[in-house]
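1. how does the following fold in three dimensions:
(2 chains)
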Number of protein chains: 2
Amino acid sequence: MSPDQKDNYTVALIVVGNEILSGRTQDTNTSWIAEQLNKIGVLLQQVRVVPDVEPDIIAAIHDLREKYDYVFITGGIGPTHDDITAEAVAKAFKAKLQLNQTAFDILVRHYGGEEYVTPPRKKMAMIPDGADLINNPVSGAPGFQIENVFVMAGVPRIMQAMFDDVKTRLKKGKPVLSNTVSCSLAESDVAEPLSALQDKYPSVSIGSYPHFRGGLLGLSLVLRSVNDQELDRATGEVIGMIAELGGEPKALSVQSSGKLLGD
Amino acid sequence: MSPDQKDNYTVALIVVGNEILSGRTQDTNTSWIAEQLNKIGVLLQQVRVVPDVEPDIIAAIHDLREKYDYVFITGGIGPTHDDITAEAVAKAFKAKLQLNQTAFDILVRHYGGEEYVTPPRKKMAMIPDGADLINNPVSGAPGFQIENVFVMAGVPRIMQAMFDDVKTRLKKGKPVLSNTVSCSLAESDVAEPLSALQDKYPSVSIGSYPHFRGGLLGLSLVLRSVNDQELDRATGEVIGMIAELGGEPKALSVQSSGKLLGD
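-> Numbering: from 1, shown residues only, chains lettered A, B, ... in the order given. As a prediction, this is how the structure comes out:
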């Protein structure tokens, strides 16, 4: 391991989205991005949903990009008046927003000729000076990277395609594995032994999540770690704890290599 | 209208949630809260998802509570070791976290006797000094309000029940109405006339959202305003614009009072 190699790298996500804040659109990008990042040992550490308002976007960039290894921004890079992300990012970096010839050429190819790159489409080739383009195999108009900030589309299918390119540029850590064990015990019944297990396994993050399903209160215990063996041991103890308390442990989505409950 | 009465009040939401950041849980509280707030003229203006980490929660509270009229916090008020929100809020306000007798009495009643209020359950009665309790008709353990910060459970059904109480304490603005018109035109085709309409109707916020459905790219134009008549007029013009461009406007979820497309 090289001296600057870390177990995990960190990401903050800025979602530019009036449509999320108005309640119109249910965000699904966060969970998709988080799951992809887990696999390459990168941790999503904060999400900010901000409106389509330039100072709010700029403030979020300044706030986050020194604190986390990478900042992802989704949304607001289309052709309409409410797409202001590229300009906000340019201002945050004090970079000039200018026509990027490569991006323009991509649009000419995508739309089948320069005459089809109307002014609104041309806007999508306005990229901050010094940024690297992010490939968009779905709809042509590229995203871009400037320093540790990656700007992607908000439409899930396009964002996901852009992420293929982004992924190749990120430092990789150790994959984060997760086991989930559910039962129908009350959270307060498991609280004390669970806390003791958390203390015993500091390299495993243990979370407790009550939920209603079909009107019944249930409990999911989620264990996460980059250490497969420790995760396996801790999960085994959680399963034992539930059984000892008279509950019926069910192992769901086990990612560690151990055999748990015969999975 | 009294001098301090505003058209709209503002909320920032802090979601305390490792389970959201890990991708395990899809957040649904944001859209639910946003829609409830629209009805009472309160605007959700920012969402922050932070991990179960005390300094991150405290930093978010300090950052947001001066900038917005209200701050909502969801999650992390249960009985387990990973429930640290009450303590973080207490520290943010430099208030003592102490046993709240009213909260304790609620738990005694809910669980059917003091002997059932085990130490983990008693933890849920530890409330920052000076806070007002928020009623929880679902599972007993209350949320709390301290100054302009409202702390609620993260479990949607419990959060929603607590919101009934929170709602009575908020100043009300003018309800935000929203009309959505969809078509299958490209975003770049509507960009210029839509921008002109946005300029013409400054009291209406117009958003443009492309989406894939069944593999086809579609476009939703969303108009929002507290002014019913302006919203109606702007929506009528958007419908006319789409027709003029050769598209087939479909009016979805019209909240303004006008008859649009015979709805």
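2. helix or strand: which one has A:Asn179?
-> strand A:177-183 (DSSP states H and E).
3. establish whether that strand and chain B are in contact.
-> Yes. Strand A:177-183 reaches chain B (CB under 8 Å from any CB of the partner chain) through A:Ser178, A:Thr180. Where you see a C-beta, it was placed from the backbone N, CA and C, and this is true even at glycine.
4. ok, then the element right after that strand?
-> Following strand A:177-183 toward the C-terminus (DSSP H and E): helix A:187-200.
5. elements contacting that next one?
-> Here helix A:187-200 touches strand A:205-213, strand A:216-225, helix A:228-244, helix B:119-123, going by 3 or more CB pairs under 8 Å, 6 or more residues apart in numbering or on different chains; DSSP states H and E.
6. what's the closest of those to A:Pro193?
-> helix A:228-244 (4.9 Å; CB to CB).
7. what's the angle between that closest one and strand A:216-225?
-> 150 degrees (axes from the mean of the first three to the mean of the last three CA atoms, to 10 degrees).
8. now what about helix A:228-244, what contacts it?
-> Residues outside helix A:228-244 that contact it (CB atoms under 8 Å, 6 or more residues apart in numbering or on different chains) are A:177, A:179, A:181, A:183, A:185, A:190, A:193-194, A:197, A:200-201, A:203-204, A:206, A:221, A:223-225, A:248-249, A:251, A:254-258, A:260-261.
9. what about 7 Å?
-> A:177, A:179, A:181, A:183, A:185, A:190, A:193-194, A:197, A:201, A:203-204, A:221, A:223, A:225, A:249, A:251, A:256-258, A:260-261 (CB atoms under 7 Å, 6 or more residues apart in numbering or on different chains).
10. now do stretch A:52-70
-> Outside stretch A:52-70, the residues within contact range by CB under 7 Å, 6+ apart are A:9-12, A:14, A:16, A:18, A:45-46, A:48, A:50, A:71, A:76, A:82, A:84-85, A:87-89, A:91-92, A:148-150, A:170.
11. and chain B, which of these contact it?
-> A:Asn18, A:Gln45, A:Gln46, A:Arg48, A:Val50, A:Asp82 (CB under 7 Å from any CB of the partner chain).
12. farthest-separated two in those?
-> Farthest-apart pair in those is A:Gln45 and A:Asp82; separation 28.0 Å (CB to CB).
13. picking up where we left off before, please pick the buried ones from the contacts of helix A:228-244.
-> A:177, A:179, A:181, A:183, A:185, A:190, A:193-194, A:197, A:201, A:204, A:221, A:223, A:225, A:249, A:251, A:256, A:260 (16 or more other CB atoms under 10 Å in any protein chain shown).
14. and of the helices and strands packed on helix A:187-200, who's closest to A:Gly143?
-> Proximity to A:Gly143 (CB to CB) singles out strand A:216-225 among the helices and strands packed on helix A:187-200, at 29.0 Å.
15. may I have the strands that pair with that closest one, each with its orientation?
-> Applying DSSP bridges to the sheet, strand A:216-225 is found paired with strand A:177-183 (antiparallel), strand A:205-213 (antiparallel).
16. just those strands: most buried one?
-> strand A:177-183 (a mean of 22; mean count of other CB atoms under 10 Å in any protein chain shown).
17. now that strand against helix A:187-200, angle please.
-> 150 degrees.
18. CA atoms only: put strand A:177-183 into PDB for me.
-> Output of strand A:177-183 as PDB, limited to C-alpha atoms (Å, rounded to 0.1, in the frame of the first residue of the first chain):
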ATOM      1  CA  LEU A 177     -19.400  -5.100   2.500                       C
ATOM      2  CA  SER A 178     -22.800  -5.100   4.200                       C
ATOM      3  CA  ASN A 179     -24.900  -7.700   6.000                       C
ATOM      4  CA  THR A 180     -28.400  -7.200   7.000                       C
ATOM      5  CA  VAL A 181     -30.100  -9.300   9.700                       C
ATOM      6  CA  SER A 182     -33.800  -8.700  10.500                       C
ATOM      7  CA  CYS A 183     -36.100  -9.700  13.300                       C
END
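19. give me the contacts around that strand.
-> Under CB under 7 Å, 6+ apart, the answer for strand A:177-183 is A:218-225, A:228, A:231, A:235, A:238-239, A:242, A:247-256, B:22, B:24.
20. which among the residues you listed end up buried?
-> Here, 16+ other CB under 10 Å leaves A:219-225, A:231, A:235, A:238-239, A:242, A:247, A:249-251, A:254-256, B:22, B:24 buried among those.
21. make JSON lines from the helices and strands packed on helix A:187-200 and add distance to B:Asp105 and mean pLDDT to it.
-> Shown next, in JSON lines, are these (distance: least, CB to CB, whole Å; pLDDT from 0 to 100):
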{"stretch": "strand A:205-213", "distance to B:Asp105": "22", "mean pLDDT": "90"}
{"stretch": "strand A:216-225", "distance to B:Asp105": "22", "mean pLDDT": "92"}
{"stretch": "helix A:228-244", "distance to B:Asp105": "31", "mean pLDDT": "96"}
{"stretch": "helix B:119-123", "distance to B:Asp105": "12", "mean pLDDT": "96"}
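22. any chance of those in TSV, plus distance to A:Pro120?
-> Converted to TSV, the helices and strands packed on helix A:187-200 look like this (distance: least, CB to CB, whole Å):
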stretch	distance to A:Pro120
strand A:205-213	45
strand A:216-225	44
helix A:228-244	50
helix B:119-123	56
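23. wait, which of the ones you listed is closest to A:Gln160?
-> Nearest to A:Gln160, of all the helices and strands packed on helix A:187-200, is strand A:216-225, at 23.0 Å by CB to CB.
24. quick one: contacts of that closest one?
-> Residues contacting strand A:216-225 (CB under 7 Å, 6+ apart): A:176-185, A:187, A:190, A:194, A:203-211, A:231, A:234-235, A:238, B:19, B:22, B:24.
25. apply 8 Å and report the result again.
-> Strand A:216-225 has contacts (CB under 8 Å, 6+ apart) with A:176-187, A:190, A:194, A:201, A:203-212, A:231, A:234-235, A:238, A:242, A:252, B:19, B:22, B:24, B:139.
26. list every C-alpha atom in it, with coordinates, as CSV.
-> What follows is strand A:216-225, C-alpha atoms only, in CSV (Å, rounded to 0.1, in the frame of the first residue of the first chain):
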residue,chain,number,x,y,z
LEU,A,216,-46.1,-4.6,11.9
LEU,A,217,-43.0,-3.1,13.4
GLY,A,218,-39.8,-4.9,12.4
LEU,A,219,-36.1,-4.3,12.9
SER,A,220,-33.2,-4.5,10.5
LEU,A,221,-29.7,-4.6,11.9
VAL,A,222,-27.2,-3.5,9.3
LEU,A,223,-23.5,-4.3,9.6
ARG,A,224,-20.9,-2.7,7.3
SER,A,225,-17.2,-3.1,7.1
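27. walk me through the domains of chain A.
-> A:9-167, A:177-252 (automatic domain parsing).
28. okay, and A:Asp165 sits in which element?
-> helix A:156-167.
29. how about A:Thr30?
-> helix A:29-39.
30. list the buried residues in that helix.
-> A:Asn29, A:Thr30, A:Ser31, A:Trp32, A:Ile33, A:Ala34, A:Gln36, A:Leu37, A:Asn38.
31. do the same with stretch A:49-57
-> For stretch A:49-57, burial by neighbour count (16+ other CB under 10 Å) applies to A:Val49, A:Val50, A:Pro51, A:Asp52, A:Asp56, A:Ile57.
32. let's see which of the residues you listed end up in strands.
-> Residues of the buried residues of stretch A:49-57 located in strands (DSSP state E): A:Val49, A:Val50.
33. much appreciated, bye for now.
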